[in-house]
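Colleague: coordinates for the following, if possible.
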Amino acid sequence: MKVSVEEGDEQFLQQLHQAGGGTVQELCDTAGVTATAIRQRLTRLQGMGLVERQTIRSGRGRPHHAYRLTDAGRQQLGDNYAELALLLWDELHLIEEPTVRERVTNRIRESLVRRYGATVHGVSLVERLGELRTSLSEHGFRVEVDSQGEFPVLRETNCPYHELAQRDSGICELEQKVFEQVLGTPLKLASCCRDGHACCEFHPVPAT
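Modeller: Now for the predicted structure:
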């Protein structure tokens, strides 16, 4: 599962991976930056579990340290399913039989409900929103709950399906249905990145 990293980290990890690891000086030469900048980045990526340090001993000289990607770091570089998701979504909509297409879509929705809603058990809506936020964050979503207004708002600060959403708003509708089922309440997609807004906001629909 991908984690959120800072700008430039993906390229740095890719360079480290292609080099098969390296010392601070070797990484400085490759990246063209100072040793301080390299050490700061390595410390942060070590803290995230993406890079590990090894002690290298050779002959009678002083041991030195080299850095390489962990399994999680290699997974970080490999977790890019955007193209596959686009192909599968297109194939789903090419299913000619409506009942088959609907059945497959419903199974996808139910799978997402189980994935994101497994730990959502709160009594109040605010509690459930907080639990959903935690679950989504653990799966790489950038999401927050705003409880300042009359009703709490679930806000995605970036679109998790940006390229797919640009092609088909159906993914936005599917996500809304998943959140509604997890939370047990109807929602309104009040703003959407697909429409040029800065974030996607899901507002509970008050009972009438």
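
Colleague: tell me which element the residue nearest in space to the middle of the chain falls in.
Modeller: Centrality entry for the chain: nearest residue to the mean C-alpha point is residue 140, 2.5 Å, by CA atoms, centre = their mean. Following DSSP states H and E, there is no helix or strand that holds residue 140.

Colleague: secondary structure class for the residue of the chain most remote from its centre?
Modeller: Here the chain reaches farthest from its C-alpha mean at residue 60, the gap being 46.1 Å by CA atoms, centre = their mean. Secondary structure for residue 60, judged by DSSP: H, G, I helix; E, B strand; the rest coil, is coil.

Colleague: tell me the pLDDT at it?
Modeller: Residue 60 carries a pLDDT value of 71.

Colleague: now it: how far from residue 7?
Modeller: Per CB to CB, to the nearest Å, residue 60 is found 42 Å from residue 7. Bear in mind the C-beta positions are built from the backbone N, C-alpha and C, glycine included.

Colleague: residue boundaries of the helices in this structure?
Modeller: With helices called from DSSP state H, the chain shows them at 9-19, 24-31, 35-47, 71-78, 82-93, 98-117, 125-138, 162-167, 170-183.

Colleague: can you list those helices in CSV and add mean pLDDT?
Modeller: Shown next, in CSV, are those (pLDDT from 0 to 100):
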stretch, mean pLDDT
helix 9-19, 86
helix 24-31, 88
helix 35-47, 92
helix 71-78, 79
helix 82-93, 86
helix 98-117, 96
helix 125-138, 94
helix 162-167, 86
helix 170-183, 96
